[in-house]
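Chemist: Okay, sequence plus prediction incoming.
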Amino acid sequence: MSERLRESLSAVMDGEANELELERVLSHIEDDEQLRQTWVRYSAVRSVSEGAHIADLSMDVSRVVSAALSKEGATTGAKINAAVQRLVKPLASFAVAASVAATVVIGGQQLYQIGDKTPYGNTIAGTSPVGLINTVGATAVQASFGTQSLPALQPTVRMAYQKLARQRMQKYMQEHVEQAALNSPAGMIPFARIKKIEE
Amino acid sequence: MKILGSNVAIRLVISLLSVLLVSQVRADSCPEVNHEALAWLDKMSHSAREVSYQGVVTFQLGDDMQVMQISHSVDTAGTSESLTQLTGQGARVTRINHPLDCIHPGHKLLRLSEDIRAGARLPGTTGPQDCGIAGHYQFSVLEGERIAGRKAIRIIIEARDMYRYGYVMELDKKTGLLLKERTIGRGDKVLERFQFANISYTNENIPTDSVDVVHHASHPERKAHTGVEPSVDHYPAALWNPLWLPKGFMSTDDASNSAKRRTYTDGLAVFSVFLEILPRDIQPGEGVVRHGGTTSYTRGIRIDSKPALITVIGEVPVNTARMVADSVRWVQ
């Protein structure tokens, strides 16, 4: 496994991966045994260092992927790609979008337990967290409000959403900054965040 | 008589015990509060409004560096301030005569030092004592470096949960003014930083030289002054609310249930939620853009079969934005 790939994996695990890095990891996960092992090891080390309870460490995402692949009898590259995307994308987009260790939620299985019964604020009763991520100290973190599942995004849809997010950021930034300037100790400085200030 | 005597004694013991217990609870309810840091934050909030100064500030967001001239003057009418970009667009933002008694929620949250020390219940809270900002961040105060020629003290601010970022602030040792701030993300990564390159504490008028774009910063209408309700934006004409907020965040203005924007702050971080009702169905999904410490998260969603687009923008981690967007519901 190249140093570059290792860095990309690390970024994915940290939720800091860009599109390129994500693609790099996804395109190698099927063929690279070492990458898969590193993936499992990273998450194990992280869980331990963060004091999380681990229900099942032997679980390997990529094995789930491989198993599903062979089940489908996918032989052509395209089929494999499609299957990998279908299976890994939810995890991957979860990782990128929500700073989530990708091994946490596999097929709806929750590997970590909530340490604190009420780790989050004004949440309504009766919702079950879909994804629970790493912890700092004793505080557990919920990764999703848990009532609306997010489907795997096709690459084109993902691109469209990326574009939409950029557009909305431009559209709403100034209105947000007006509030930030009144409510943060930096005074007017938040206005520096706006690419193009409108009169 | 003897029985009465022992009754009195028992009552006395019980009341003494309860006094002891109550004071114990009070002393322990905010155990790790760093009062020195809270006093500095309080002072910083006051000086941000009440001190006159001008200076040049550099702001680094990722690879992007912005330089701006800041001017802040105080007189009997209140504060007048301006920001003039010295790089990029070259726009100017001004705010004139902002009354000194107009304290926005973000600053109120920073000015609770005395209340927390006294064990008082914070406004709008019930139950056990709320430790305010100290309940959500952990502070340490150190000797700082020299910023813009001024001696500074350094406050290291670590989030107690993962729903907000950490900060390293350097305040002017004399005035308490925020001279430098770094926003710290996951893995101690500096997401953005700004600092004064020079500063002078003089009361000068805001610059009047011509620039291409002048924006007058907006301000929510003050009910007490105008007697007029804040103008309600009738789009999207549906009542909605996020059901989940990270602990300690409160609304920055009186946005009604039908307004298309809500903004929340915990005193240090601010994020806004925007809702658009869509005329037709949208394929569900999400998109994220990050720039410096700002996250912009857009989510296409169906809320009770009504398609909507939710955007959360603010200086919070993606996970927080996602959680908030996920929790938006119609209010019956």
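Modeler: In hand now; what should we look at?
Chemist: Next, the distance between the ends of stretch B:131-143.
Modeler: With Cα to Cα, to the nearest Å as the measure, stretch B:131-143 spans 25 Å from end to end.
Chemist: Pull out the buried residues from that stretch.
Modeler: B:131-139, B:141 (16 or more other Cβ atoms under 10 Å in any protein chain shown). Glycine gets a C-beta too; all of them are placed from N, C-alpha and C.
Chemist: same check, this time on stretch B:180-187
Modeler: So, applying 16+ other Cβ under 10 Å, buried residues of stretch B:180-187: B:180-186.
Chemist: Excluding covalently adjacent residues, which one is nearest to B:Ile301?
Modeler: Spatial nearest neighbour of B:Ile301, excluding adjacent residues (Cβ to Cβ, 6 or more residues apart in numbering or on different chains): B:Ala308 at 5.7 Å.
Chemist: Now do the same contact list for the residue of the stretch 101-250 of chain B found nearest chain A.
Modeler: Nearest residue of the stretch 101-250 of chain B to chain A: B:Gly106, at 2.8 Å (Cβ to the nearest Cβ). By Cβ atoms under 8 Å, 6 or more residues apart in numbering or on different chains, B:Gly106 lies in contact with A:182-185, B:252, B:265, B:267, B:270.
Chemist: what's the helix or strand for it?
Modeler: Per DSSP states H and E: B:Gly106 is located in helix B:105-110.
Chemist: to the chain's geometric centre, what's the distance from that helix?
Modeler: 6 Å (Cα atoms, centre = their mean, to the nearest Å).
Chemist: Alpha carbons of it, as PDB, please.
Modeler: Extracted C-alpha coordinates of helix B:105-110, given in PDB (Å, rounded to 0.1, in the frame of the first residue of the first chain):
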ATOM      1  CA  PRO B 105     -27.500  36.900  22.900                       C
ATOM      2  CA  GLY B 106     -23.900  35.800  21.900                       C
ATOM      3  CA  HIS B 107     -22.500  38.600  24.100                       C
ATOM      4  CA  LYS B 108     -25.000  37.800  26.900                       C
ATOM      5  CA  LEU B 109     -23.600  34.300  27.000                       C
ATOM      6  CA  LEU B 110     -20.100  35.700  27.400                       C
END
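Chemist: ok, B:Lys247 - how many residues close by?
Modeler: 17 (other Cβ atoms under 10 Å in any protein chain shown).
Chemist: Next one: it, what pLDDT does it get?
Modeler: pLDDT for B:Lys247: 91.
Chemist: Show me the domain layout of the chain.
Modeler: Here I'm looking at chain A. Domains of chain A are assigned by automatic domain parsing as A:3-142, A:155-193.
Chemist: my question was about chain B
Modeler: B:28-216, B:230-330.
Chemist: doesn't B:Leu275 make contact with the residue nearest to B:Ile301?
Modeler: Yes: look at B:Ala308 against B:Leu275 with Cβ atoms under 8 Å: they come within range, at 6.0 Å.
Chemist: max-length helix in chain A?
Modeler: As assigned by DSSP state H, the longest helix anywhere in chain A is helix A:155-183.
Chemist: Tabulate the contacts of B:Gly106 (JSON lines), appending neighbour count, pLDDT and distance to A:Glu23.
Modeler: Compiled in JSON lines, these are given as follows (neighbours: other Cβ atoms under 10 Å in any protein chain shown; pLDDT from 0 to 100; distance: Cβ to Cβ, whole Å):
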{"residue": "A:Leu182", "neighbour count": "27", "pLDDT": "94", "distance to A:Glu23": "41"}
{"residue": "A:Asn183", "neighbour count": "26", "pLDDT": "93", "distance to A:Glu23": "39"}
{"residue": "A:Ser184", "neighbour count": "26", "pLDDT": "86", "distance to A:Glu23": "36"}
{"residue": "A:Pro185", "neighbour count": "23", "pLDDT": "88", "distance to A:Glu23": "40"}
{"residue": "B:Thr252", "neighbour count": "23", "pLDDT": "90", "distance to A:Glu23": "39"}
{"residue": "B:Thr265", "neighbour count": "28", "pLDDT": "95", "distance to A:Glu23": "37"}
{"residue": "B:Gly267", "neighbour count": "25", "pLDDT": "94", "distance to A:Glu23": "40"}
{"residue": "B:Val270", "neighbour count": "26", "pLDDT": "97", "distance to A:Glu23": "33"}
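Chemist: For chain B, see how far away A:Glu198 is.
Modeler: As judged by Cβ to the nearest Cβ, to the nearest Å, A:Glu198 and chain B stand 7 Å apart.
Chemist: From A:Ile194, how far out is the nearest residue to B:His291 once chain neighbours are set aside?
Modeler: Spatial nearest neighbour of B:His291, excluding adjacent residues (Cβ to Cβ, 6+ apart): B:Leu61 at 5.8 Å. For B:Leu61, the distance to A:Ile194 equals 11 Å [Cβ to Cβ, to the nearest Å].
Chemist: any residues in contact with both of these two?
Modeler: By Cβ under 8 Å, 6+ apart, no residue touches both B:Leu61 and A:Ile194.
Chemist: Any idea how far apart the tips of stretch A:28-35 sit?
Modeler: So stretch A:28-35: terminal residues 8 Å apart, Cα to Cα.
Chemist: Quick one: mean pLDDT for it?
Modeler: 75.
Chemist: Name the residues of that stretch that are buried.
Modeler: Result for stretch A:28-35 [16+ other Cβ under 10 Å]: buried residues A:28-30, A:32, A:35.
Chemist: likewise stretch B:106-122?
Modeler: For stretch B:106-122, by 16+ other Cβ under 10 Å, it's B:106-113, B:115-116, B:122.
Chemist: How far does it sit from its chain's centre?
Modeler: Offset of stretch B:106-122 from its chain centre (Cα atoms, centre = their mean): 14 Å.
Chemist: what residue ranges in the stretch 101-250 of chain B score low on pLDDT?
Modeler: B:119-129, B:222-238 (pLDDT under 70).
Chemist: What separation is there between A:Lys195 and chain B?
Modeler: 8 Å.
Chemist: before we move on, the earlier item: give me the helices and strands touching the longest helix of chain A, please.
Modeler: helix B:105-110, strand B:261-265, strand B:270-277, strand B:285-291, strand B:294-303, strand B:306-314 (3 or more Cβ pairs under 8 Å, 6 or more residues apart in numbering or on different chains; DSSP states H and E).
Chemist: Same list (these) but as CSV, adding distance to B:Ala37.
Modeler: As requested, the helices and strands packed on helix A:155-183 are exported to CSV (distance: least, Cβ to Cβ, whole Å):
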stretch, distance to B:Ala37
helix B:105-110, 11
strand B:261-265, 18
strand B:270-277, 20
strand B:285-291, 28
strand B:294-303, 25
strand B:306-314, 23
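Chemist: Tell me which of these sits nearest to B:Gly78.
Modeler: B:Gly78 lies closest to helix B:105-110 among the helices and strands packed on helix A:155-183, at 13.9 Å (Cβ to Cβ).
Chemist: B:Ala39 reaches B:Ser113, doesn't it?
Modeler: Yes: applying Cβ under 8 Å as the test, B:Ala39 and B:Ser113 come out as touching, 5.0 Å apart.
Chemist: Might you report the residue contacts of the residue nearest to the spatial centre of chain B?
Modeler: Chain B has B:Gly267 as the residue nearest its centroid, 2.8 Å off, counting by Cα atoms, centre = their mean. Going by Cβ under 8 Å, 6+ apart, B:Gly267 touches B:41, B:106-107, B:109-110, B:132-133, B:248.
Chemist: how about CSV for those residues, with distance to B:Thr87 added?
Modeler: Formatted as CSV, those follow (distance: Cβ to Cβ, whole Å):
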residue, distance to B:Thr87
B:Leu41, 30
B:Gly106, 27
B:His107, 29
B:Leu109, 32
B:Leu110, 30
B:Gly132, 37
B:Ile133, 33
B:Gly248, 35
